[in-house]
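Engineer: What follows is a predicted structure for the sequence shown.
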Amino acid sequence: MPRLGILDYAKEAFREPYNLILFIGALLAGIISLMPFVVWPLTAAVEILYLLTMANNARYQAVVRARMQRRDQTDTLDVASRLIEGLSERRKLRFEAVRARCLDLQESIKPTGKRDEVGHLLESQQLESVNQLLWVFLRTLAYEQALDSFCSSMPRGEIQNMLRKTEAALQAEKLSEQMRTAYLENVDVLKKRLDNLERAETNLKTLEARLIRVENSIMLIQEQALTRQDPAFIEAEVNSATAGLTSVEQMLGSLDLPSMDAASQGPTPELLGRAEAER
């Protein structure tokens with residue numbers, strides 16, 4: 001969530017239902033009383049005082065931040081639902097299998113006795129970390145599907161055949177300068193298409209390897225919780241597994257792929273908690 005300023009808090013305070021009712025009521029009162037030039041300046045002064053007071057109130061600022069975080073959380077949950085629905089059946093089953101295993105491990109490591117504060121914090125951190133990795137795993141699955149579709153739709157054989165024919169046509173003895181220029185431009189475009197396809201296929205293999213990496217990291221964090229309660233280890237594993245996703249998104253942006261609603265910005269959706277609620 002971006003850092004909020006005084007103006008952001010003032011806008012939220014102005015949009016409060018009780019403020020809108022009173023503000024509109026005061027404006028109407030000025031009209032009804034036939035003294036708008038007396039009532040309206042007083043209303044404006046009171047409104048400005050109210051906005052400044054609320055915008056600088058620490059408790060109200062906390063309420064606004066929590067409200068916006070919930071709003072962002074809802075948005076990313078909607079995006080996650082759309083990404084899951086957009087996956088192929090095979091990829092959807094793969095994601096659900098990883099999420100189900102996380103839930104099973106989560107249940108198995110829940111302490112039966114009374115937890116101290118440190119134990120509660122470790123469990124919360126672990127749940128947050130697994131949610132974060134599940135989100136990365138889901139987005140990577142969606143990227144991999146888009147890239148796989150791109151590679152599958154590119155007719156390599158047809159492009160290579162066109163390239164051979166064009167290069168052969170360039171060998172003709174009687175060829176006008178305009179035709180030669182057109183053929184040369186066509187050869188250049190066809191070679192770029194083949195280079196783009198080869199780059200996409202290489203990136204697809206990288207994505208497939210990253211999927212396995214993230215999948216194993218999710219399992220590792222869950223399994224390590226049985227024997228190793230180390231917050232630094234959990235944080236390091238999450239950072240290591242997610243480090244390459246930004247470069248993956250940049251790489252996909254350089255290819256001619258359809259736009260994807262991946263929502264790389266914003267809070268991590270509660271994928272693990274959502275699945276548990278659905279059980």
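Structural biologist: On my side now, so go ahead.

Engineer: In the stretch 101-250 of the chain, where is pLDDT below threshold?
Structural biologist: Scanning the stretch 101-250 of the chain with the threshold set as pLDDT under 70 gives 105-106, 108-126, 222, 225-235, 237, 241-250.

Engineer: So which residues of the stretch 151-279 of the chain form helices?
Structural biologist: 156-169, 177-224, 231-242, 245-253, 271-278 (DSSP state H, counting those that start in this stretch).

Engineer: Dump the ones you listed into CSV; add mean neighbour count as well.
Structural biologist: To be clear about C-beta, it is placed using only N, CA and C from the backbone, and glycine gets the same treatment. Output for the helices of the stretch 151-279 of the chain, formatted as CSV (neighbours: other C-beta atoms under 10 Å):
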stretch, mean neighbour count
helix 156-169, 13
helix 177-224, 15
helix 231-242, 15
helix 245-253, 14
helix 271-278, 15
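
Engineer: how about JSON lines for these, with distance to residue 24 added?
Structural biologist: Below are the helices of the stretch 151-279 of the chain laid out as JSON lines (distance: least, C-beta to C-beta, whole Å):
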{"stretch": "helix 156-169", "distance to residue 24": "65"}
{"stretch": "helix 177-224", "distance to residue 24": "52"}
{"stretch": "helix 231-242", "distance to residue 24": "48"}
{"stretch": "helix 245-253", "distance to residue 24": "45"}
{"stretch": "helix 271-278", "distance to residue 24": "39"}
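
Engineer: Which among those is found nearest to residue 54?
Structural biologist: In terms of C-beta to C-beta, the element of these nearest to residue 54 is helix 271-278, at 32.1 Å.

Engineer: quick one: stretch 196-209 to chain centroid distance?
Structural biologist: Taking the mean of its C-alpha atoms, stretch 196-209 sits 21 Å from the chain's own mean (C-alpha atoms, centre = their mean, to the nearest Å).

Engineer: any chance you could map the helices in the stretch 1-150 of the chain?
Structural biologist: Counting by DSSP H, counting those that start in this stretch, the helices of the stretch 1-150 of the chain are 6-14, 17-32, 36-55, 58-86, 89-108, 117-153.

Engineer: Tell me which of those is the most buried.
Structural biologist: Using mean count of other C-beta atoms under 10 Å, the stretch among the helices of the stretch 1-150 of the chain with the largest mean neighbour count is helix 117-153, at a mean of 19.

Engineer: Counting by contacts, list what that one packs against.
Structural biologist: Counting contacts by 3 or more C-beta pairs under 8 Å, 6 or more residues apart in numbering; DSSP states H and E, helix 117-153 packs against helix 58-86, helix 89-108, helix 177-224, helix 231-242, helix 245-253, helix 271-278.

Engineer: one step back: which of the helices of the stretch 151-279 of the chain sits closest to residue 43?
Structural biologist: helix 271-278 (45.3 Å).

Engineer: can you give me the mean pLDDT across the closest one?
Structural biologist: Averaging pLDDT along helix 271-278 gives 58.

Engineer: repeat for stretch 19-26
Structural biologist: Per-residue pLDDT values over stretch 19-26 give a mean of 94.

Engineer: Repeat that for stretch 31-48.
Structural biologist: Across stretch 31-48, the average pLDDT comes to 93.

Engineer: TSV please, covering the helices of the stretch 1-150 of the chain and showing distance to residue 199.
Structural biologist: Below are the helices of the stretch 1-150 of the chain laid out as TSV (distance: least, C-beta to C-beta, whole Å):
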stretch	distance to residue 199
helix 6-14	42
helix 17-32	54
helix 36-55	50
helix 58-86	24
helix 89-108	22
helix 117-153	10
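
Engineer: Those: which one's closest to residue 166?
Structural biologist: For these, the distance to residue 166 is smallest for helix 117-153, at 21.7 Å, taking C-beta to C-beta.

Engineer: Contacts only, for residue 38.
Structural biologist: Neighbouring residues of residue 38 by C-beta atoms under 8 Å, 6 or more residues apart in numbering: residue 30.

Engineer: ugh, wrong one, I meant residue 39
Structural biologist: Per C-beta under 8 Å, 6+ apart, neighbours of residue 39: 26, 29-30, 33.

Engineer: Thank you, goodbye.
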